[in-house]
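Asker: Sequence and computational prediction follow.
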Amino acid sequence: MTFTLIALLTTACIFAGILIFSEIGRRLGLAKLKRDPNGLANGVGAAESAVFGLLGLVIAFTFSGAASRFEERRHLITQEANAISTAYLRVDLLPADVQPEIRTLFRRYLELRSNSYQSTENQTATRQKLDETAALQIKIWQKVLTASRKPNEPVSSATLLLPALNDMIDITTTRAMATKNHPPFIVFLLLAGLSFAGALLVGYDMSDNRERSLLHTFAFAAIMSLALYVIIDLEFPRLGFINIDKADQVFMELQKSMN
């Protein structure tokens, strides 16, 4: 089952759950009115304000965090491309006889990095590409280190190239951890639970109407479920409709400049 399908099913369940809890709240309100024709319970405004206030706070918190992480992951792609480009340019500092081999390794490395996160739903393929990347990093590092230690080789070549190469390697770990950086699952459960509680209160408050207000009920359910879907989609920008695939264009442009 694909991520998009799972996200859509989750959204549908939230939507249905809100409708169900809204109807439960309405029936509780109708039962209250039958027992007490004077009206629904008074003095519950503070409790409702607390529930909806907390609901709004959690939505703002999760949405802001998801959007921030989305932008961070996109910026990390550009940072890695810049790191690779800088290290590649500084290969000119090495002896001319070793440059062709190292440049070939760099081009292979860039190709791997540009494709590493293209199919994250296939975890086996992604893991294989990341393993190949790690092996290639070691190979490039050893080649550069050996070349920079050659007799009569200026110390400046190692001084300038090795830090750039180190940055190129370090950014891969940063990007890998960024893909795993998500809020605790309990936050999403809290968001769903508050949505259901809000729907219960909405249905209860509207029970004194003679007819159901389908517009308000469905609008509330649609808005809450859509907000949750957008948050989930932002949290996994390689799997859903909202993605950062266009940011990989910087790798394509870098590949053209290396050829």
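Answerer: Cool, got the structure. Because the structure is a prediction, the values reported are computed rather than measured.

Asker: name the helices or strands packed onto the host helix or strand of residue 23?
Answerer: Secondary structure from DSSP states H and E places residue 23 in helix 3-35. Identification of packing neighbours for helix 3-35 by 3 or more Cβ pairs under 8 Å, 6 or more residues apart in numbering; DSSP states H and E yields helix 185-205, helix 214-235. Where you see a C-beta, it was placed from the backbone N, CA and C, and this is true even at glycine.

Asker: pLDDT averaged over the host helix or strand of residue 174 - what is it?
Answerer: For residue 174, the host element (DSSP H and E) is helix 155-179. For helix 155-179, mean pLDDT is 85.

Asker: OK, contacts around residue 110?
Answerer: The contact partners of residue 110, taken as Cβ atoms under 8 Å, 6 or more residues apart in numbering, are 84, 251, 254, 255, 258.

Asker: right, I mislabeled it, should have said residue 168
Answerer: Residue 168 is in contact with 80, 83, 84, 86, 87, counting by Cβ under 8 Å, 6+ apart.

Asker: and the fourth one, how many neighbours?
Answerer: Counted with other Cβ atoms under 10 Å, the burial measure for residue 86 works out to 16 neighbours.

Asker: Then the one 4 residues further on?
Answerer: By other Cβ under 10 Å, the residues close to residue 90 number 17.

Asker: Please tell me I have it right and it contacts residue 163.
Answerer: No. Judged on Cβ atoms under 8 Å, residue 90 makes no contact with residue 163 at a distance of 9.2 Å.

Asker: what ranges do the helices span in the stretch 1-150 of the chain?
Answerer: Ranges of helices in the stretch 1-150 of the chain, per DSSP state H, counting those that start in this stretch, are 3-35, 45-89, 99-115, 123-148.

Asker: just to revisit the earlier point, please convert the helices and strands packed on helix 3-35 to CSV, extending it with mean neighbour count and mean pLDDT.
Answerer: Shown next, in CSV, are those (neighbours: other Cβ atoms under 10 Å; pLDDT from 0 to 100):
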stretch, mean neighbour count, mean pLDDT
helix 185-205, 18, 90
helix 214-235, 18, 90
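
Asker: And the ones you listed: which comes nearest residue 98?
Answerer: Evaluated over the helices and strands packed on helix 3-35, closeness to residue 98 peaks at helix 214-235, with 43.8 Å, by Cβ to Cβ.
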